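**Student:** Provided below for reference: sequence and predicted model.
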2 protein chains.
Amino acid sequence: MDLRRVRGQRNRQALIDAALALFEQQGFEETTTDQIAARAGVAPRTLFHHFPDKEEILFDQQSERLEAAINVLRTMRDKSLAESLTAVAGAVATSILDQGEVFPARARMYGKAPALRSRMLSINEKWIDKVTDEVAARYGVDARTDPRPRIAASIVNSTNRATIEAWLARGCQDDLTEMIMTSVELLRPTLDRVEAELMEGLNAHGT
Amino acid sequence: MDLRRVRGQRNRQALIDAALALFEQQGFEETTTDQIAARAGVAPRTLFHHFPDKEEILFDQQSERLEAAINVLRTMRDKSLAESLTAVAGAVATSILDQGEVFPARARMYGKAPALRSRMLSINEKWIDKVTDEVAARYGVDARTDPRPRIAASIVNSTNRATIEAWLARGCQDDLTEMIMTSVELLRPTLDRVEAELMEGLNAHGT
DNA sequence: ACAAGTAGTTGCGTTAACTGCAAGTACTAT
DNA sequence: ATAGTACTTGCAGTTAACGCAACTACTTGT
């Protein structure tokens, strides 16, 4: 084991811990990168070695988590679109629950710090892109000019987000996975119809 | 007419024109606020009197446009949810077409300037919030703890965005309104089911 | 053991967005 | 004339973020 990497990771984690504490204590925008570095016991410049910007400290590994949930899709090529996307939604729920307190803590900051909400939305967009590509590939259509794969991907994402928000508003006490399953179920007729259209090759938007 | 306001508006428009030209010419991030001010013939500080930040120059009045589209909802309280939201989607299409070249020009910048895409997403979120509130009010449920109004609002928004993106990718040559109508039609069974649930009062998520 | 490389840290200097404050200009209303 | 309003401007300051180069500490090849 490379001891340099070990110390690097220790500093990285120290920065994350310091940032989380300061953000909770005095708010995101009110916290300077210098303060975070000081509390983590590193030089101000070091923060930007580990993270491209202040926001990324909070969203560390968030993209990776969401991308992992997508892998479920690739293992379900034989299942229907609705079934596959329901499974992905379930994987997303699991990944949120895995994060414990960090996820709700971050969500609580969205109100005061619009930059954080923006970052979350961007990460979501990337997730939609990936799912869109996977769906388009599955049915052999062009993800850029055919809106339907993106519609399928993004309505699942929207529904997840809406459900997560209600779950947060209720104090995270309900069963998130169950709530998400119930919500995604509402999309089934739409997803089935999209799938039928994509398989027929008859479509209103051209090829 | 107050001549001060006239000159104020003239400067404001000059800033918008200058910014648009410079952004197209050399990119958003590569353009400094000083350059914009110089080209518009005003002092650097004046830019921040008219706009809170550089991005807002590009998104001037965008929120207002989208909010106007929502008014359609309020005039359709007697119609079904699917019908109402389809009408709103149509209004959004119209508002986009009204903007002429500006809309595609802005969309073209999203690739190089992530901050712009983020801003667009934020504006969209506000739109979803408004529609969510309107739908929740219509059926007398709590928009914060019941996910269904937000699901209805956000899947329409997602579908619109997906369709707009395909329209852009095809060079803006197709009939956007028609494309959006076709796409939203896919949501009808889901929206009908959501509406039926909301009216029954029997639901899986509690009151 | 020694040289070469590599990961991580740090300091220095710079740019550019944005803010607060206060003053100034030009117009309007009474 | 006087007071108020709308907009403009200059100045000084904070902060995020980048580029560069040096430095430390550890690893690997010979």
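**Tutor:** Received, thanks.

**Student:** C-alpha from now on. contacts and neighbour counts both.
**Tutor:** Fine.

**Student:** how about residue A:21, secondary structure?
**Tutor:** Following DSSP: H, G, I helix; E, B strand; the rest coil, we place residue A:21 in the helix state.

**Student:** so what's it scoring on pLDDT?
**Tutor:** pLDDT for residue A:21: 92.

**Student:** which residues does it contact?
**Tutor:** When the contact criterion is CA atoms under 8 Å, 6 or more residues apart in numbering or on different chains, residue A:21 has no partners at all.

**Student:** and the gap between it and residue A:40?
**Tutor:** To residue A:40, residue A:21 is 11 Å away according to CA to CA, to the nearest Å.

**Student:** Kindly report the same for residue A:158.
**Tutor:** The spacing between residue A:158 and residue A:40, counted by CA to CA, is 37 Å.

**Student:** out of the two, which sits in the busier spot?
**Tutor:** residue A:158 (24 against 21; other CA atoms under 10 Å in any protein chain shown).

**Student:** can you tell me which residues contact the more buried one?
**Tutor:** With CA under 8 Å, 6+ apart, residue A:158 has these contacts: B:151, B:154, B:155, B:158.

**Student:** Could you tell me how many residues sit around the residue lying closest to the first one once chain neighbours are set aside?
**Tutor:** Read it as residue B:151. Spatial nearest neighbour of residue B:151, chain neighbours left out: residue A:159 (5.1 Å); criterion: CA to CA, 6 or more residues apart in numbering or on different chains. Neighbour count for residue A:159, taken as other CA under 10 Å: 26.

**Student:** what's downstream of the host helix or strand of residue A:183, the next helix or strand?
**Tutor:** Assigned by DSSP states H and E, residue A:183 falls within helix A:176-185. Sequence-wise, the next helix or strand downstream of helix A:176-185 (DSSP H and E) is helix A:188-200.

**Student:** Not counting that following helix itself, show me its contacts.
**Tutor:** So helix A:188-200 is in contact with A:80, A:81, A:82, A:139, A:148, A:152, A:203, B:186, B:187, B:188, B:189, B:190, going by CA under 8 Å, 6+ apart.

**Student:** Tally up the residues packed near the fifth one, please.
**Tutor:** The burial metric for residue A:148, expressed as a neighbour count using other CA under 10 Å, is 29.

**Student:** how near is it to residue B:180?
**Tutor:** Counting by CA to CA, the gap from residue A:148 to residue B:180 is 11 Å.

**Student:** what's the overlap in contacts for those two?
**Tutor:** With CA under 8 Å, 6+ apart, residue A:148 and residue B:180 have common neighbours residue B:163.

**Student:** contacting residues around stretch A:36-54?
**Tutor:** Against stretch A:36-54 from outside (CA under 8 Å, 6+ apart): A:11, A:12, A:14, A:15, A:17, A:18, A:19, A:22, A:33, A:34, A:57.

**Student:** wait, does that stretch make contact with DNA strand D?
**Tutor:** Yes - counting by CA under 7 Å from any atom of the strand, DNA strand D has neighbours in stretch A:36-54: A:45, A:48, A:52, A:53, A:54.

**Student:** List the buried residues of stretch A:6-20.
**Tutor:** For stretch A:6-20, a neighbour-count test (16 or more other CA atoms under 10 Å in any protein chain shown) marks A:11, A:12, A:14, A:15, A:16, A:17, A:18, A:19, A:20 as buried.

**Student:** re earlier: will you turn the contacts of stretch A:36-54 into TSV that also has secondary structure and distance to DNA strand D?
**Tutor:** Formatted as TSV, the contacts of stretch A:36-54 follow (DSSP: H, G, I helix; E, B strand; the rest coil; distance: CA to the nearest atom of the strand, whole Å):
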residue	secondary structure	distance to DNA strand D
A:11	helix	14
A:12	helix	15
A:14	helix	17
A:15	helix	13
A:17	helix	16
A:18	helix	13
A:19	helix	11
A:22	helix	11
A:33	helix	4
A:34	helix	6
A:57	helix	9
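
**Student:** In chain A, spot the helix with the most residues.
**Tutor:** Identified as the longest helix of chain A according to DSSP state H is helix A:114-139.
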